[in-house]
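>>> Generate a structure from the sequence data that follows.
(chains A and B)
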Amino acid sequence: EDQVTQSPEALRLQEGESSSLNCSYTVSGLRGLFWYRQDPGKGPEFLFTLYSAGEEKEKERLKATLTKKESFLHITAPKPEDSATYLCAVLAGGTSYGKLTFGQGTILTVHP
Amino acid sequence: ETGVTQSPTHLIKTRGQQVTLRCSSQSGHNTVSWYQQALGQGPQFIFQYYREEENGRGNFPPRFSGLQFPNYSSELNVNALELDDSALYLCASSVQGWETQYFGPGTRLLVL
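Numbers count the residues shown, from 1 in each chain, chains lettered A, B, ... in the order given. Next up is the predicted model:
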């Protein structure tokens, strides 16, 4: 069974204090790994898709990387508006449909 | 380009009742997936529809059913509501089942 574990569960940072969020996964044949941002009471907002080990993607203060066992979301010089829950999800191969398996999320709080 | 929309935004039902949630997919997307997100958890896959056919299902009982229409909009129906069905229900659309999924704002369902 596909599994995704995110750590830490919660992270508090001061504005400008860079850090990383971890997503460890077990899946039979990774087809893609996805990062989403979710604000309270809202739907997840797409950030990145990574397809193969070694791949990196960047957007503003965020950078996502992928290895064969885990993915990291690096946040450089965060601002209070980066506060949200960050969700990681994997899409396994072997099926014709796209079932995303999500982790439980990391709640990020950035203090001014 | 119009994103994914869902209606209603909030809903209160009593145990044993039936509910229908609606989703309009993003322009150009022919695949719709439904997820259930309990408070503090990651979304869980309910099922996916592609060209009006269910082409994948998660571990949810048959009282969770769906439809997709020729314009690719979709409905999620839940019969015999239980207290544990209280959650945020998310709809996501994609170009193909295994491509990046874009989420709507969700419908918050409370079962009393």
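
>>> Thought residue B:85 was touching residue B:63, still the case?
No - checked against C-beta atoms under 8 Å, the pair residue B:63 and residue B:85 is beyond contact range at 9.1 Å. C-beta coordinates here come from the backbone N, C-alpha and C atoms, glycine included.

>>> Setting aside sequence neighbours, what's the nearest residue to the most centrally placed residue in chain B?
Centroid-nearest residue in chain B, with C-alpha atoms, centre = their mean: residue B:34, separated by 3.3 Å. Leaving aside its chain neighbours, residue B:34 sits nearest to residue B:46 (4.3 Å; criterion: C-beta to C-beta, 6 or more residues apart in numbering or on different chains).

>>> Then residue B:28?
residue B:95 (6.6 Å).

>>> Name the nearest residue to residue B:6, sequence neighbours excluded.
Of all residues not flanking residue B:6 in the chain, residue B:104 sits nearest, at 4.1 Å (C-beta to C-beta, 6+ apart).

>>> returning to what we had before: pLDDT at the residue nearest to residue B:34, what is it?
For residue B:46, the model assigns a pLDDT of 97.

>>> Tell me the secondary structure at it.
Three-state assignment for residue B:46 (DSSP: H, G, I helix; E, B strand; the rest coil): strand.

>>> For it, grab the count of nearby residues.
Here the count is done by other C-beta atoms under 10 Å in any protein chain shown, and residue B:46 has 23 residues near it.

>>> give me every residue that touches the residue nearest to residue B:6.
Shown in contact with residue B:104 (C-beta atoms under 8 Å, 6 or more residues apart in numbering or on different chains): A:43, B:3-6, B:23, B:90-93.

>>> Which among the residues you listed count as buried?
Buried subset of the contacts of residue B:104 (neighbour count, 16 or more other C-beta atoms under 10 Å in any protein chain shown): A:43, B:4, B:6, B:23, B:90-93.

>>> Which of these lies at the shortest distance from residue A:80?
Closest approach to residue A:80 among those (C-beta to C-beta): residue A:43, at 21.4 Å.

>>> now that closest one, what's its secondary structure?
For residue A:43, the assignment made with three-state DSSP gives coil.

>>> Wait, it touches residue B:108, no?
No - using C-beta under 8 Å, residue A:43 is not in contact with residue B:108; the gap is 11.0 Å.

>>> residues near the residue nearest to residue B:28, how many?
Residue B:95 has 14 neighbouring residues, counting by other C-beta under 10 Å.

>>> Lowest mean pLDDT among the helices and strands of chain B, which one is it?
Ranked by mean pLDDT, DSSP states H and E, the weakest helix or strand in chain B is strand B:53-57, scoring a mean of 90.

>>> elements contacting it?
Other helices and strands packing on strand B:53-57, by 3 or more C-beta pairs under 8 Å, 6 or more residues apart in numbering or on different chains; DSSP states H and E, are strand B:44-50.

>>> list the contacts for residue 15?
Just so you know, I chose chain A. Counted by C-beta under 8 Å, 6+ apart, residue A:15 has contacts A:77-80, A:110-112.

>>> The intended chain is chain B.
Residue B:15 sits next to B:81-83, B:111-112 when contact means C-beta under 8 Å, 6+ apart.
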